[in-house]
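**Q** Give me the fold of what follows.
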Amino acid sequence: MDRHIMVPLGDEAVNSLCAGDYVFLTGTIYTARDAAHKRMNEVLEARGQLPLDVKNNVIYYMGPSPAREGRVIGSAGPTTASRMDKYAPALLDLGLKGMIGKGKRSQAVKDAIVRNGAVYFAAVGGAGALLSRSIVASEVIAYDDLGTEAIRKLEVRDFPVIVVVDSRGNDLYETAIHKYCRERQEV
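**A** So this is what the prediction gives:
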């Protein structure tokens, strides 16, 4: 089912999503990759304040390439989400409602998704140039010294993602494998 959702996310929107839903996000999301997550974790361990309020927000695991002339951002494809797995549960416990990346998540992250009523989306890897067309504004808001791994605030319009892990813990990667195996046995 195709869904159009405004971001930041509310509980009602998150709870209505099911693994396998095609979703188009419109509104504000943030980017953060490995280095930014490591730095945010250090801030949390020191009992400091994060450079953004994660509550109800979505973090896209992405570091863009330089923008071409006339564009707000360069290629903006997802990075492998599992690299952020050691940091994600703490951010989810602070109210983060969504993450966008590619690939599977650990059980600890899936448990934190369910515990906090959040969602994990996948963006199509290898389609960064196409995904960048849905980004209408980009601004570095923290950790500028990290270059492409700085935290950015993005304004997106109809940004295409797929729900991989929904707020009830359903995991599309697992259900799709089971469905494929059943269909193969029936042939």
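**Q** Can you list the low-confidence ranges for this protein?
**A** 1, 176-187 (pLDDT under 70).
**Q** let's go with 90 and repeat that
**A** For the chain, the stretches flagged by pLDDT under 90 are 1-2, 65-71, 74, 124-130, 174-187.
**Q** where do the strands sit along it?
**A** Taking DSSP state E, the strands of the chain run over residues 2-7, 22-31, 58-60, 98-101, 119-122, 135-142, 151-165.
**Q** The longest one to strand 135-142, inter-axis angle?
**A** Okay, so that is strand 151-165. 120 degrees (axes from the mean of the first three to the mean of the last three Cα atoms, to 10 degrees).
**Q** And strand 151-165, what's buried?
**A** 151-156, 159-165 (16 or more other Cβ atoms under 10 Å). Where you see a C-beta, it was placed from the backbone N, CA and C, and this is true even at glycine.
**Q** what's the answer for the first one, then?
**A** For strand 2-7, the buried set under the neighbour-count rule, 16+ other Cβ under 10 Å, comprises Ile5, Val7.
**Q** Can we start the residue count at 2 from this point?
**A** Shifting the count to begin at 2 puts that one at strand 3-8.
**Q** so who does Asp35 touch?
**A** Thr80, Arg84, Met85, Glu150 (Cβ atoms under 8 Å, 6 or more residues apart in numbering).
**Q** Would you write a ChimeraX line that selects the buried entries of those?
**A** Selecting only the buried entries of those in ChimeraX, with 16+ other Cβ under 10 Å as the criterion:
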select :80,85,150
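**Q** Can you list which of the contacts of Asp35 are found in helices?
**A** Among the contacts of Asp35, no residue falls in helices (DSSP state H).
**Q** which one of the contacts of Asp35 sits closest to Gly170?
**A** Relative to Gly170, the closest of the contacts of Asp35 is Met85; by Cβ to Cβ it sits at 18.6 Å.
**Q** Go ahead and confirm that closest one touches Ala37.
**A** No - taking contacts as Cβ atoms under 8 Å, Met85 lies outside contact range of Ala37: 9.4 Å.
**Q** could I have stretch 109-116 exported to CSV, CA atoms only?
**A** Provided in CSV are the C-alpha atoms of stretch 109-116 (Å, rounded to 0.1, in the frame of the first residue of the first chain):
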residue,chain,number,x,y,z
ALA,A,109,18.5,-5.0,20.0
VAL,A,110,17.4,-2.3,17.5
LYS,A,111,14.2,-4.1,16.6
ASP,A,112,13.4,-4.5,20.4
ALA,A,113,14.0,-0.7,20.8
ILE,A,114,11.7,0.0,17.8
VAL,A,115,8.9,-2.0,19.4
ARG,A,116,9.6,-0.6,22.9
